[in-house]
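# Structure for the following, please:
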Amino acid sequence: MPLRLAALLALLGALLLVPQPAAAAAGLRAGGTRILEANGNAFVMRGTNHAHTWYTSRTGSFAAIKAAGANTVRVVLSGGRWTPNTAADVANVITLCRQNRLICVLENHDTTGYGEQSGAYTLDQAVTYWIGLKSVLTGQENHVVVNIGNEPFGNNAVTPGWTQATSAAIVRLREAGFEHLIMVDAPNWGQDWQGVMRDNAATVLAADPDRNTVFSVHMYGVYDTAAEINAYLDAFRTAGLPLVIGEFGHLHSDGDPDEDTILAQARSRGIGYLGWSWSGNSGGVEYLDQVASFDPARLTPWGERLFNGPDGIRATAREATIYGGSSDTTPPTAPANLAASGVTSGAATLSWTASTDDTGVSGYDVLRAGASGPFAVAGTSAAARFTATGLSPGTTYRFQVRARDAAGNTSPVSNTITVTTTGGSGDDGCAVTGAVQSQWGSGYVVQPVTVTNTGDSATAGWTVTFTLPAGHTVTGSWNAAVSVSGQNVTARNLAYNGGLAPGAATTFGFQAGRPVGDPSTPAGYACATAP
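Next comes the predicted model:
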């Protein structure tokens, strides 16, 4: 071998040994509370479920679902509990999704109701099915989400439980080389009424070496009030975990889901939703068909509500950029009606009218400044309220708020308000703050309203006053005697919570009704004490 050739080969060999940069994440992925495309664009699922495994000849449904406005379809498959969907069939399903510019959520229905439903498969059996399809799934990470198993546990306790079985299933898929965004369903027939997924989602995400898992709850009769819906969605937002509503309906045999709140909250929070289902329901739940007999020209009332109603698919769906859809550059609307209440020597409660956005508001930045000078971020809030703490007594502050959406766009700032804190702990009196615990279209709960003795001596009683917005009514209260005159509300202590030592506090709460579509809540809390 010539010397120069040997030297050249040695140099090439050395170059080959130089560590190469890690490849960028490919395909759809979870990022905090959001789902992102490979280019970083936020993607919010808006679509329906299609029972392909029982209606394999209804391939025209994919084009019809797209024409109805959807950007996603969740496709029912079987690995053996029913007639298995072969690799060739699944490859064709993916082709149909891509031809119709739909993100394809593929789910294995065999696991439905395991532990309670006879014949149901385990999640481990579902993983075996997915591994058998690996040849047609590899390379489809931009277009396909793998939903390991539909409603993988019933209501009975089994071993291993949901957390362990789901974690193991994810690890096994990753070890087999799957790089897809993985979706996992909740137990309790998907409704998680025991809170198992809610309370253990962080553990399951940590088990995924790629941290690329999104959680799916099915909202039927368990979610028949706005309070229940908001509480569940709040838990995932607070934990910073990604959630989609993988199934829901307008009616169900186990109750009457509040579909209006589901749709409105999904839009405002930027959470994906997939209604159940396009067509072909039987066994007494035919009312869940969105079109009659797979005919897209015959939308049912449920289909009309889901696709064309307020906060529905046609109004909110944005096509994935992998198919040519545009990146979202539209900012949220500016927060409005910023106001302060419960001002004390060291804190103030701010509230405002929530912003709106095409992909959902993900949070708010609260900006603070002194009586003069520039504004700076003083905190963030997921809801349209914030308690500013750490303020100095007898000091003037200015506040503004701006909204952020799931794509990272920021809104114009709100109106500016000026707040002057009270003189301090030497004041003879009290302080009061009110926090909105939950709200829905026609009402809300304020809890806690906190009354604090800021004086130097004990109190024998206290009185809190505040004003209800026009058209609002108090429908219930607790831990206080509440009376209403017009829109003016007076709350007085009860026998057991009027005596407060200096610095001590007590709380009460109330529920109120309001006109549908009115997002305002009470303001102007004030209090006085009796020695």
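# C-alpha from now on. contacts and neighbour counts both.
Will do.
# Next one: the closest residue in space to residue 338 that isn't next to it in sequence relative to residue 339, how far apart?
Nearest residue to residue 338, sequence neighbours excluded (C-alpha to C-alpha, 6 or more residues apart in numbering): residue 352, at 4.3 Å. Look at residue 352 and residue 339: by C-alpha to C-alpha, to the nearest Å, they are 6 Å apart.
# rewinding a little: pull up the gap between the residue nearest to residue 338 and residue 174, please.
The spacing between residue 352 and residue 174, counted by C-alpha to C-alpha, is 44 Å.
# Among the two, which residue is more densely surrounded?
When neighbours are counted by other C-alpha atoms under 10 Å, residue 352 and residue 174 differ, and residue 352 comes out ahead with 21 against 16.
# residue contacts, the more buried one?
Residue 352 is in contact with 335-339, 384-385, 520, counting by C-alpha atoms under 8 Å, 6 or more residues apart in numbering.
# Let me know the closest of the residues you listed to residue 191.
Of all these, residue 384 has the smallest distance to residue 191: 27.3 Å, by C-alpha to C-alpha.
# I'd guessed that closest one sits against residue 349; true?
No: applying C-alpha atoms under 8 Å, one finds residue 384 not in contact with residue 349, separated by 10.9 Å.
# what about the helices in the stretch 151-300 of the chain?
Using DSSP state H, counting those that start in this stretch, the helices of the stretch 151-300 of the chain run over residues 162-175, 196-207, 226-239, 259-269.
# Tell me the gap between the second one and the middle of its chain.
In other words, helix 196-207. The chain centroid and the centroid of helix 196-207 are separated by 15 Å under C-alpha atoms, centre = their mean, to the nearest Å.
# where does residue 89 fall, helix, sheet strand or coil?
Classification of residue 89 by DSSP: H, G, I helix; E, B strand; the rest coil places it in helix.
# and if you look at residue 104?
strand.
# The stretch 201-350 of the chain: strands as residue ranges?
All strands of the stretch 201-350 of the chain, identified by DSSP state E, counting those that start in this stretch, fall at 213-219, 243-248, 272-275, 336-341, 348-353.
# go on, the stretch 51-200 of the chain?
72-77, 103-108, 144-147, 181-185.
# which residues are contacting the second one?
Outside of strand 103-108, the residues that reach it under the criterion C-alpha under 8 Å, 6+ apart are 71-79, 94, 97, 126, 143-150, 320.
# residues touching residue 188, list them.
Here residue 188 is in contact with 113, 151, 153-155, 194 (C-alpha under 8 Å, 6+ apart).
# Could you do residue 308 as well?
So residue 308 contacts 314-315 (C-alpha under 8 Å, 6+ apart).
# Could you number the chain from 14 rather than 1 from now on?
With 14 as the first residue, the last one maps to residue 321.
# so what's the backbone phi/psi at the spatially closest residue to residue 130 that is not a sequence neighbour?
Closest residue to residue 130 apart from its sequence neighbours, by C-alpha to C-alpha, 6+ apart: residue 167 at 7.1 Å. Backbone torsions for residue 167, taken as degrees, to the nearest 10, come to phi -80, psi -140.
# Same question for residue 223.
Reported as degrees, to the nearest 10, the phi and psi values for residue 223 are phi -90, psi -10.
# per-residue confidence at it?
Residue 223 is assigned 97 on the pLDDT scale.
# before we move on, back to that, let me have the strands of the stretch 214-363 of the chain in a markdown table, adding distance to residue 147 and mean pLDDT as columns.
Putting these into a markdown table (distance: least, C-alpha to C-alpha, whole Å; pLDDT from 0 to 100) gives the following:
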| stretch | distance to residue 147 | mean pLDDT |
| --- | --- | --- |
| strand 226-232 | 18 | 98 |
| strand 256-261 | 23 | 98 |
| strand 285-288 | 25 | 98 |
| strand 349-354 | 51 | 89 |
| strand 361-366 | 48 | 91 |
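# so which of those gets nearest residue 470?
Per C-alpha to C-alpha, nearest to residue 470 of the strands of the stretch 214-363 of the chain: strand 361-366, 23.2 Å.
# Now the closest one - C-alpha only, CSV.
In CSV, the C-alpha atoms belonging to strand 361-366 read as follows (Å, rounded to 0.1, in the frame of the first residue of the first chain):
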residue,chain,number,x,y,z
ALA,A,361,-53.4,42.5,46.1
THR,A,362,-55.6,40.2,44.1
LEU,A,363,-55.8,40.9,40.3
SER,A,364,-58.5,39.7,38.0
TRP,A,365,-59.2,40.3,34.3
THR,A,366,-61.4,39.1,31.4
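# How far does the next helix or strand after it sit from its chain's centre?
On the C-terminal side of strand 361-366, the nearest following helix or strand under DSSP states H and E is strand 374-382. Relative to its chain's centre, strand 374-382 lies at 19 Å (C-alpha atoms, centre = their mean).
# Which strands or helices does strand 374-382 pack on?
helix 272-282, strand 389-394, strand 409-418 (3 or more C-alpha pairs under 8 Å, 6 or more residues apart in numbering; DSSP states H and E).
# Need the ones you listed in TSV (columns: mean neighbour count, distance to residue 435 and mean pLDDT).
Formatted as TSV, these follow (neighbours: other C-alpha atoms under 10 Å; distance: least, C-alpha to C-alpha, whole Å; pLDDT from 0 to 100):
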stretch	mean neighbour count	distance to residue 435	mean pLDDT
helix 272-282	22	36	92
strand 389-394	15	20	88
strand 409-418	24	10	90
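# now those as CSV including distance to residue 40?
Below are the helices and strands packed on strand 374-382 laid out as CSV (distance: least, C-alpha to C-alpha, whole Å):
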stretch, distance to residue 40
helix 272-282, 23
strand 389-394, 30
strand 409-418, 22
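# Nearest to residue 373, out of these?
helix 272-282 (4.4 Å).
# who's in contact with the residue nearest to residue 130?
Counting by C-alpha under 8 Å, 6+ apart, residue 167 makes contact with 125-130, 200-202.
# Over to residue 184?
Contacts of residue 184 by C-alpha under 8 Å, 6+ apart are 220-222.
# again with residue 419
Per C-alpha under 8 Å, 6+ apart, neighbours of residue 419: 47, 55, 283, 372-375.
# quick check, nearest of those residues to residue 426?
residue 374 (14.2 Å).
# Could you report the pLDDT at residue 19?
35.
# for residue 407, same thing?
75.
# Test my guess that it contacts residue 384.
No: counting by C-alpha under 8 Å, residue 407 sits too far from residue 384 to count as a contact (11.9 Å).
# Surely residue 314 touches residue 303?
Yes: the criterion here is C-alpha under 8 Å, and residue 314 meets it with residue 303 at 7.5 Å.
# Drop anything exposed from the contacts of residue 167.
125-129, 200-202 (16 or more other C-alpha atoms under 10 Å).
# Kindly indicate which of the contacts of residue 167 lies nearest residue 521.
Looking across those and measuring by C-alpha to C-alpha, the closest to residue 521 is residue 201, at 34.0 Å.
# I'd like to know how far the closest one sits from residue 258.
Residue 201 is 15 Å from residue 258, by C-alpha to C-alpha.
# same question, residue 530
Applying C-alpha to C-alpha to residue 530 and residue 258 gives a distance of 23 Å.
# neighbour count winner among the two?
Using other C-alpha under 10 Å, the more surrounded residue of residue 530 and residue 258 is residue 258, with 24 against 10.
# Just give the closest residue to that one, not the sequence neighbours.
Going by C-alpha to C-alpha, 6+ apart, residue 258 has residue 286 as its nearest residue, at 4.6 Å.
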